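Enquirer: Here is my input, please return the structure:
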Amino acid sequence: MRIALIQTPVEDFYFTPQRSYPLGLTYLAAAIKDLPVEVEIIDLITGYGRQTIAIPDNFRPIKKYLPYDNSPISAFHTYYHFGLSWEKIEDFFQSNQYDLYALSSNFYTYSEEILITGEIIKKSNPNALVLVGGQNVGPEHDLFINSPDIDICVTGEGEYAFRELVIALLENKPFYCINGIWDPSEKQWNKNPCDFDFKIAPDASLLDVDKYKISGEPARMISTSRGCPMGCRFCSVSRTFGKKMRLRPVDEIVLEMKEAFEKGIRSFDIEDDNFTFNRSHCVDLLKTLSEIFNNEVKIYAMNGLSAEHIDKEIIDLLINSGMILLNLSIATGSEEELKKLHRHTSVEYFKQITGYAAGKGLKVMGHFISGLPGQTLEEILSTMKILAELPLVLGISPFYYIPGMDLKVPNKPPTFKEARLSRFWPADKVLDELDLITLFRLSRWINYLKNRLRSKKLNKINFKDISKIFADDPYINNLINDKKIIGVHSNNQIFCHEVSETVIDGFFSIFHKSYVYSE
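Expert: All right, here's what the predicted structure looks like:
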């Protein structure tokens with residue numbers, strides 16, 4: 001039996017290449033590597049660049065707000081196909097035939113790319129089985145179970161269900177009864193309890209070591225745990241991995257990293273954002289990494305960590321282990337709203353941890369959400385002010401809908417294409433698209449100012465002094481003096497972006513007495 005484990009292309013305004021490592025597929029490969037099958041991981045996105053494509057009709061309401069901009073504070077403006085073109089994918093599957101095609105779908109908003117890939121496969125090999133699994137597969141939507149090109153859907157953690165499926169196929173036995181698989185005869189999901197021990201180690205032997213990089217260096221994503229007991233209402237990760245924390249033994253994690261190190265990999269991104277949740281496990285892991293690698297590796301946690309599960313000792317251990325960038329998530333600076341979101345974060349503690357980490361030389365990013373249902377403009381701008389007054393880079397994430405989240409969204413997007421941060425789809429009637437885009441641009445402006453402060457070796461600046469210190473900087477002064485955010489056309493001509501006057505006025509009202517700190 002020939003099995004293809006497939007990562008599909010993505011179409012959007014942006015994509016982060018260093019986040020393309022197909023971690024889930026390496027776990028699927030490991031789950032069946034002792035079976036009499038031939039397995040390939042086919043990554044259709046990494047290493048193939050991008051092609052400019054027409055912006056979908058769903059995005060046309062915001063296109064007028066996103067003109068081409070070559071300035072240092074630009075936002076999105078061009079729509080791309082990231083990965084191998086559909087024509088070349090069709091050619092590939094015409095020339096390469098498999099018995100089972102397993103597509104990884106982790107993002108609701110990129111469901112169309114899964115459906116197109118499935119259609120291409122079925123055209124080239126009508127008798128093959130096409131499977132879809134991943135965090136975007138489950139009872140919250142029926143996009144895949146209703147597709148004529150998809151034969152099997154797996155929900156929840158897929159390793160054991162996938163293994164049982166392959167065994168059933170090899171033995172010519174029924175497979176729709178397997179836990180985690182959609183049963184079309186009963187029109188229901190067979191329960192996948194997500195409570196098995198996390199014992200499978202990934203098999204990365206099918207991947208090209210030099211293909212996946214972070215900052216130009218060979219990299220690997222690793223997972224140290226599964227499950228999340230946090231219960232944040234804007235997240236759906238527990239729907240896939242459950243609420244029970246399951247930890248990988250430290251020696252297994254270290255063994256995986258040592259084997260990767262011997263192959264030339266020097267950068268590791270810890271993907272699970274709860275790896276600091278169990279303090280003793282985290283401390284044990286970081287101390288071991290520090291002893292073994294002696295600062296010869298770089299550690300990242302790009303999904304973001306919760307400040308409440310970090311203390312000064314862990315910060316020191318992260319630095320000793322090789323971390324150079326600390327991503328911290330705060331969601332919102334409102335303690336009241338944090339409670340409503342079931343986010344157990346103390347804003348004051350967040351400030352303490354940020355200050356300590358920055359003081360130790362770590363670059364810090366503070367991630368927050370704009371446009372949550374019911375979230376006021378004042379709350380978002382106040383959160384931005386809190387982060388502007390800390391030594392960090394702002395990481396703004398416009399809210400987007402995810403099926404399965406506990407949060408009630410009054411204005412759900414009409415299709416999956418609108419359910420992404422680059423669409424700026426309003427969750428309710430409190431803010432509109434131009435408000436959200438303007439907030440995004442202001443966040444970029446603040447980061448630009450922070451960077452300029454660092455270049456001038458200034459620790460902080462009073463808001464009222466900005467125009468004096470940066471009198472020669474048009475990007476800064478057009479906002480400070482004229483309340484305009486400027487961009488640069490392809491012909492180097494300066495223009496003014498269309499912005500929400502309500503947001504701009506609110507920004508000045510909240511920031512006029514504040515300080516902005518260097519990143």
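
Enquirer: residues of the host helix or strand of Ile369 that come out buried?
Expert: For Ile369, the host element (DSSP states H and E) is strand 363-370. By 16 or more other C-beta atoms under 10 Å, the buried positions in strand 363-370 come out as Val364, Met365, Gly366, His367, Phe368, Ile369, Ser370. Every C-beta, even on glycine, is put in place using the N, C-alpha and C of the backbone.

Enquirer: List the strands paired with that strand, with their directions.
Expert: Applying DSSP bridges to the sheet, strand 363-370 is found paired with strand 325-331 (parallel), strand 393-398 (parallel).

Enquirer: what about Asp505, is that helix, strand or coil?
Expert: Per DSSP: H, G, I helix; E, B strand; the rest coil, the secondary structure class of Asp505 is helix.

Enquirer: contacts for the strand holding Ile369?
Expert: Applying C-beta atoms under 8 Å, 6 or more residues apart in numbering, the contact partners of strand 363-370 are 234, 304, 324-333, 350, 354, 357-358, 375, 380, 383-384, 387, 390-399, 436, 439-440, 519.

Enquirer: can you map out the strands along the stretch 201-350 of the chain?
Expert: Applying DSSP state E, counting those that start in this stretch to the stretch 201-350 of the chain gives strands spanning 213-214, 217-222, 225-226, 246-247, 267-270, 298-300, 305-306, 325-331.

Enquirer: if we look at the longest one, which residues are touching it?
Expert: Contacts with strand 325-331, where a contact means C-beta under 8 Å, 6+ apart, come from 232, 234, 273, 300-307, 310, 315, 318, 338, 341, 343, 345, 347, 350, 353-354, 357, 362-369, 383, 387, 392, 395.

Enquirer: If any of those residues are buried, put those into a ChimeraX selection.
Expert: The following ChimeraX line selects those of those that are buried, judged by 16+ other C-beta under 10 Å:
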select :232,234,273,300,301,302,303,304,305,306,307,310,315,318,338,341,343,345,347,350,353,354,357,362,364,365,366,367,368,369,383,387,392,395
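
Enquirer: Pick out the residue nearest the middle of this protein.
Expert: With distances taken as C-alpha atoms, centre = their mean, Asn303 lies nearest the centre of the chain, 6.1 Å away.

Enquirer: Under the pLDDT cut-off, which ranges of the chain? List them.
Expert: 193-198 (pLDDT under 70).

Enquirer: let's go with 80 and repeat that
Expert: Scanning the chain with the threshold set as pLDDT under 80 gives 192-200.

Enquirer: what about stretch 213-225, start to end distance?
Expert: 23 Å (C-alpha to C-alpha, to the nearest Å).

Enquirer: Just the buried residues of it, please?
Expert: In stretch 213-225, counting by 16+ other C-beta under 10 Å, buried: Lys213, Ile214, Pro218, Ala219, Arg220, Met221, Ile222, Ser223, Thr224, Ser225.

Enquirer: do the same with stretch 310-319
Expert: Buried residues in stretch 310-319, counted by 16+ other C-beta under 10 Å: Ile310, Asp311, Ile314, Ile315, Leu317, Leu318, Ile319.

Enquirer: So what touches it?
Expert: 276, 279, 282-283, 286-287, 290, 299, 326, 328, 353, 356-357, 360-362.

Enquirer: tell me the contacts of Phe13?
Expert: Shown in contact with Phe13 (C-beta under 8 Å, 6+ apart): Leu66, Phe76, His77, Thr78, Tyr79, Tyr80, Ser422.

Enquirer: Spatially, which two of those are the most separated?
Expert: Leu66 and Tyr80 (13.3 Å; C-beta to C-beta).

Enquirer: which of the two has more neighbours?
Expert: Leu66 (21 against 17; other C-beta atoms under 10 Å).

Enquirer: wouldn't that one be in contact with His77 here?
Expert: Yes. Counting by C-beta atoms under 8 Å, Leu66 does reach His77; the two are 5.0 Å apart.

Enquirer: ok, back up a step: save the strands of the stretch 201-350 of the chain as a markdown table, and put in distance to Phe13 too.
Expert: Output for the strands of the stretch 201-350 of the chain, formatted as a markdown table (distance: least, C-beta to C-beta, whole Å):
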| stretch | distance to Phe13 |
| --- | --- |
| strand 213-214 | 22 |
| strand 217-222 | 23 |
| strand 225-226 | 31 |
| strand 246-247 | 36 |
| strand 267-270 | 23 |
| strand 298-300 | 23 |
| strand 305-306 | 27 |
| strand 325-331 | 21 |
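
Enquirer: Go through these and name the closest to Arg239.
Expert: With C-beta to C-beta, the closest approach to Arg239 among these belongs to strand 225-226: 12.7 Å.

Enquirer: who does that closest one touch, helix- and strand-wise?
Expert: Under the contact definition 3 or more C-beta pairs under 8 Å, 6 or more residues apart in numbering; DSSP states H and E, strand 225-226 sits against strand 246-247.

Enquirer: gap between the strand it packs on and the chain center?
Expert: Here strand 246-247 is found 21 Å from its chain centre; the criterion is C-alpha atoms, centre = their mean, to the nearest Å.

Enquirer: now for it, which elements pack on it?
Expert: Going by 3+ C-beta pairs under 8 Å, 6+ apart, strand 246-247 lies up against strand 225-226.

Enquirer: List the contacts of the strand it packs on.
Expert: 157, 198, 241-242, 245-248, 272, 274-275, 277-278, 281.

Enquirer: hmm, try it at 6 Å
Expert: Residues from elsewhere that reach strand 225-226 (C-beta atoms under 6 Å, 6 or more residues apart in numbering): Phe198, Phe241, Met245, Arg246, Leu247, Asp272, Asn274, Phe275.

Enquirer: Repeat that for stretch 290-297.
Expert: Against stretch 290-297 from outside (C-beta under 6 Å, 6+ apart): Arg266, Asn320, Ser321, Gly322.

Enquirer: Kindly present the strands paired with strand 363-370 as CSV, with separate columns for distance to Asn478.
Expert: Supplementary listing: these in CSV, determined by distance: least, C-beta to C-beta, whole Å:
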stretch, distance to Asn478
strand 325-331, 29
strand 393-398, 20
